[in-house]
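Peer 1: Sequence unavailable; structure follows:
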């Protein structure tokens, strides 16, 4: 039997499938340049609310709001979650043109020692447009890179060896709510701006949270708490 006439078509189909898979994987690779085109970009980006243009001066007037935080640039701010920063943030410029920044930021010594790849890998379930095989258990890989190529891409305005690093000369503008409880029966909250959580610091007053925590080889701004449910009811 002449097996060649069977092997050649099989080999051809195999090569085509490999090309499809490789092409498909490339189409699911997102970077600073195209992350906004990803249908699930909201998992990685803090989008600016067009109906809520807030300046830093207005944010500082907010009282008795809890667990509230913003990243700011040139006095314009975007709301974020201080308990879980996303990798990108969208902040308009002075002319209200949307600008994307990489908010994932590192210390310089951290990128040298850990050798970050600046790449996230996640799996999503196949659907009608992404399905490779007719299988309910089909999943595809989605790759997201937060590698920078220029200072302007970084919220910190400092890109070194592909990583956005903290900029001592121009710290990230971060505003967050500070809660104070008085005598266990009354509390109040106000907004404060300063260095962002995890940014290197020397003293409490540098941090938006007013908490600079000492680690083994460095100090950084720590998170801050809020009122308990019972405290909120009292207020």
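Peer 2: Thanks, I have the structure now. Bear in mind the structure is a predicted one, so any value in this text is a computation, not a measurement.

Peer 1: what bridges to residue 177?
Peer 2: residue 191 (DSSP bridges).

Peer 1: my read: residue 65 touches residue 178, true?
Peer 2: No: with contact defined as CB atoms under 8 Å, residue 65 and residue 178 do not form a contacting pair (10.8 Å). Just so you know, the C-beta spots here come from the backbone N, C-alpha and C atoms, and that holds for glycine as well.

Peer 1: The two: who's more crowded?
Peer 2: More crowded of residue 65 and residue 178, by other CB atoms under 10 Å: residue 178, with 16 against 13.

Peer 1: Would you enumerate the residues in contact with that one?
Peer 2: By CB atoms under 8 Å, 6 or more residues apart in numbering, the contact list for residue 178 reads 189, 190, 191, 192, 209, 210, 224.

Peer 1: how much space is there between it and residue 88?
Peer 2: 26 Å (CB to CB, to the nearest Å).

Peer 1: now residue 213
Peer 2: 26 Å.

Peer 1: These two - which one has more neighbours?
Peer 2: residue 88 (22 against 15).

Peer 1: number of nearby residues for the nearest residue to that one once chain neighbours are set aside?
Peer 2: Take residue 88 and drop its neighbours on the chain: the residue closest to it by CB to CB, 6 or more residues apart in numbering is residue 45, 4.3 Å away. With neighbours defined by other CB under 10 Å, the count for residue 45 comes to 20.

Peer 1: pretty sure residue 45 is touching residue 102, no?
Peer 2: No: checked against CB under 8 Å, the pair residue 45 and residue 102 is beyond contact range at 10.2 Å.

Peer 1: Between those two, which contacts overlap?
Peer 2: Joint contacts of residue 45 and residue 102 (CB under 8 Å, 6+ apart) are 87, 88.

Peer 1: Look at the nearest residue to residue 47 once chain neighbours are set aside and give its secondary structure.
Peer 2: In space, and not counting its chain neighbours, residue 47 is closest to residue 90: 5.1 Å by CB to CB, 6+ apart. Secondary structure, DSSP: H, G, I helix; E, B strand; the rest coil: residue 90 is strand.

Peer 1: For residue 90, give me its contacts.
Peer 2: Residue 90 touches 45, 46, 47, 48, 78, 98, 99, 100, 101, counting by CB under 8 Å, 6+ apart.

Peer 1: Return the set of residues that bridge with it.
Peer 2: residue 100.
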